[in-house]
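Asks: fold the following, please.
(2 chains)
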Amino acid sequence: MLKYESIQELVLEAEKRDIKISQLVLEDQARCMEKSEREIYEKMEESFQIMRESVKAGMDKNQRSTSGLTGGEGFLMNEYARNNGGLSGSFMTKAIARALSASCCNASMGKIVAAPTAGSCGILPGCLVSLYEDKEYDVKDIVMSMFTAAGFGMVIASRASIAGAQGGCQAECGSAAAMAAASLVELGGGSPSQCADALAIAISSQMGLVCDPVAGLVEIPCIKRNASGLMIAFSSADMVLAGLDAKIPADECLDAMAEVGDSLPKSLKETAKGGLAATPTGKKLRDQVFG
Amino acid sequence: MNVFDIIGPVMIGPSSSHTAGAVRLGNVVNKLIDDRKLNKVEIIFSGSFAQTYKGHGTDKALLAGIMGYKSYSPEIRDALTIADERGINYSFTKENIKDAHPNTAVVRFYLEDGTEGTMQGASIGGGNILVNQINGMNVEFNGDNNTILVMHEDKPGVIANVTHMMHFEHEDLNISNFHLSRQEKGGDAIMTIEIDNQPPEELVDEIRGIEHVKNAILIRRV
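Replies: Numbers count the residues shown, from 1 in each chain, chains lettered A, B, ... in the order given. Predicted structure coming up:
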């Protein structure tokens, strides 16, 4: 049984057995849950399908959040991507549109897969649905890569945090981007230690990010931070696949993230009392919703 | 913890604590109602729930949970309309409950058969809940396990009789958590017994038959 207390544990074990992290995690989880690998795989595949549906639902032209503060971000971005591809090129702008859409789906009480949380639910779908729909990656490989993301996510949860109230946004969008980066590296043909390096770079890139939701709602800035998280996931994965390495090992990055999370004041951990939530406009929007 | 705690749960947004957790608190009330006809619910929100329930759909989520929908049911969005169609009278008020967790809700329910009851619980993050009070008495359970609530008179031997019966009639039953509270010495008391197993159908009736036990309720895992 794996302990999921360090990234290195997973990397060493996968290297020793010459298998992917995803295969290692799938086998271990099947044993832990006393189910067959097939059952566990199928459950994850179902989650991937729900992610695809959440992207589609959130891209609707008339999508509006329950509070009315946000709406239509995914639709607008997708129109822009379709028309000229924008500055970052159509693959990336469409991926951004997907991350926004899944988040919009969440804000309008749609069905989503928390990955690892509802507030960060757009990052993994943005990355994986894009490889599936625009780069024609095999669905089986994509679903398998989700086990790498989830296995690493378990280490993040036990070593640092995946809750904004505990660790700030670095724990939510930061963790999601790190998990997605590891998935992408595996799909891109990288080694287990390269998956760990991508996680380390993504975590480093969002170190200290605060959780400061306007009016306490999972909308501003959460929806757009899913787009930023997606970009960080792709850039981290591509840097690693290009041959760059993480200068600080993954586990040390996670320990630093935990320490930084602990030192953040309460006002910056999902209480809606600091950061953007406390700006004059943030307060005005809050009053607009709650009076 | 497993992989589906990280990639998952599948849920209706926008918030695991303010939406998914609220549905599960409602599910506890649904188990208390136990398929009887519900006429009226009064829902009180405290703390962060009171401040932000509208934007998070906490009101719809809790009501949907009371009606038996799950945290992944799309019907949550239309819970108010569904309650209207079912003839359930509902109200939402804000109240500051002292010393309660920031995400606390109290539900008072009124059934057609004249039964009334209350539940107070908190959504403590990530869709996890903690139930604090049932019918005014302190309890402590999280809904992850099958839970038996035993209302009884505070008399010597009642706990022994209940656990003794559970063990000798149903050998495999294993208690994973036990909590007792009482209002005053010799007065009303309540046992909260969480068990690992699927409880046998007859268990609750057997407990009801024990001397000094006033009632027993089974709340299946929510």
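
Asks: residues touching the closest residue to residue B:10 other than its chain neighbours, list them.
Replies: Counting by Cβ to Cβ, 6 or more residues apart in numbering or on different chains, residue B:72 is the residue found nearest to residue B:10 once chain neighbours are left out, at 4.8 Å. Heads up, the C-betas are built off the backbone N, CA and C, glycines and all. Contacts for residue B:72 (Cβ atoms under 8 Å, 6 or more residues apart in numbering or on different chains) come out as A:111, B:9, B:10, B:11, B:12.

Asks: which residue sits closest to residue A:283, ignoring its sequence neighbours?
Replies: Excluding the flanking residues, the one nearest residue A:283 by Cβ to Cβ, 6+ apart is residue A:277, at 7.8 Å.

Asks: okay, the closest residue to chain B within the stretch 151-291 of chain A: pLDDT?
Replies: In the stretch 151-291 of chain A, the residue found nearest to chain B is residue A:153; the distance is 3.7 Å by Cβ to the nearest Cβ. You'll see residue A:153 listed with a pLDDT of 97.

Asks: what of the one 3 residues further on?
Replies: The model reports residue A:156 with a pLDDT of 97.

Asks: now the strands for chain B?
Replies: B:10-12, B:38-46, B:89-94, B:103-111, B:116-125, B:128-134, B:137-141, B:146-153, B:175-182, B:188-195, B:213-219 (DSSP state E).

Asks: ranking these by burial, who's on top?
Replies: Neighbour counts (mean count of other Cβ atoms under 10 Å in any protein chain shown) averaged over each of the strands of chain B peak at strand B:10-12, with a mean of 25.

Asks: pick out the residue closest to the middle of chain B.
Replies: For chain B, residue B:28 is the residue whose C-alpha lies nearest the centre (Cα atoms, centre = their mean; 2.8 Å).

Asks: so what's that residue up against?
Replies: So residue B:28 contacts B:65, B:119, B:121, B:129, B:131, B:143, B:219, B:222 (Cβ under 8 Å, 6+ apart).

Asks: how about the residue in the stretch 101-250 of chain A that chain B sits nearest to: what's its closest non-neighbour residue?
Replies: Per Cβ to the nearest Cβ, residue A:106 is where the stretch 101-250 of chain A lies closest to chain B, at 3.2 Å. Nearest residue to residue A:106 in three dimensions, chain neighbours excluded: residue B:13, at 3.2 Å (Cβ to Cβ, 6+ apart).

Asks: next one: phi and psi at the one you found?
Replies: phi -70, psi -180 (degrees, to the nearest 10).

Asks: number of nearby residues for it?
Replies: For residue B:13, the neighbour count with other Cβ atoms under 10 Å in any protein chain shown is 31.

Asks: with residue B:78 instead?
Replies: Using other Cβ under 10 Å: residue B:78 sits among 15 other residues.

Asks: report pLDDT for it.
Replies: 96.

Asks: equivalent analysis for the one 4 residues further on, please.
Replies: Here, the pLDDT recorded for residue B:82 equals 98.

Asks: looks to me like the residue of the stretch 101-250 of chain A closest to chain B is in a strand.
Replies: No: applying DSSP: H, G, I helix; E, B strand; the rest coil, one finds residue A:106 to be helix, outside a strand.

Asks: could I get the contacting residues of it?
Replies: A:54, A:58, A:112, A:118, A:119, A:121, A:122, A:218, B:13, B:14.

Asks: now stretch B:159-175: buried residues?
Replies: If you call a residue buried by 16 or more other Cβ atoms under 10 Å in any protein chain shown, then stretch B:159-175 has these buried ones: B:159, B:161, B:162, B:166, B:170, B:173.

Asks: please apply the same query to stretch A:53-72.
Replies: So stretch A:53-72, judged by 16+ other Cβ under 10 Å, has buried residues A:53-60, A:63, A:65-67, A:69-72.

Asks: starting at the chain centroid, how far to it?
Replies: 19 Å (Cα atoms, centre = their mean, to the nearest Å).

Asks: can you measure across it, start residue to end residue?
Replies: For stretch A:53-72, the first-to-last residue distance is 16 Å (Cα to Cα, to the nearest Å).

Asks: residues touching the nearest residue in space to residue B:80 that is not next to it in sequence, list them.
Replies: Nearest non-adjacent residue to residue B:80, counting by Cβ to Cβ, 6+ apart: residue B:60, 6.1 Å away. Contacts for residue B:60 (Cβ under 8 Å, 6+ apart) come out as A:109, B:76, B:77, B:78, B:79, B:80.

Asks: coming back round to it: how close does the residue of the stretch 101-250 of chain A closest to chain B sit to residue A:270?
Replies: 16 Å (Cβ to Cβ, to the nearest Å).

Asks: got it, and residue B:81?
Replies: Residue B:81 is 31 Å from residue A:270, by Cβ to Cβ.

Asks: residue A:99 too?
Replies: Taking Cβ to Cβ, one finds residue A:99 at 20 Å from residue A:270.
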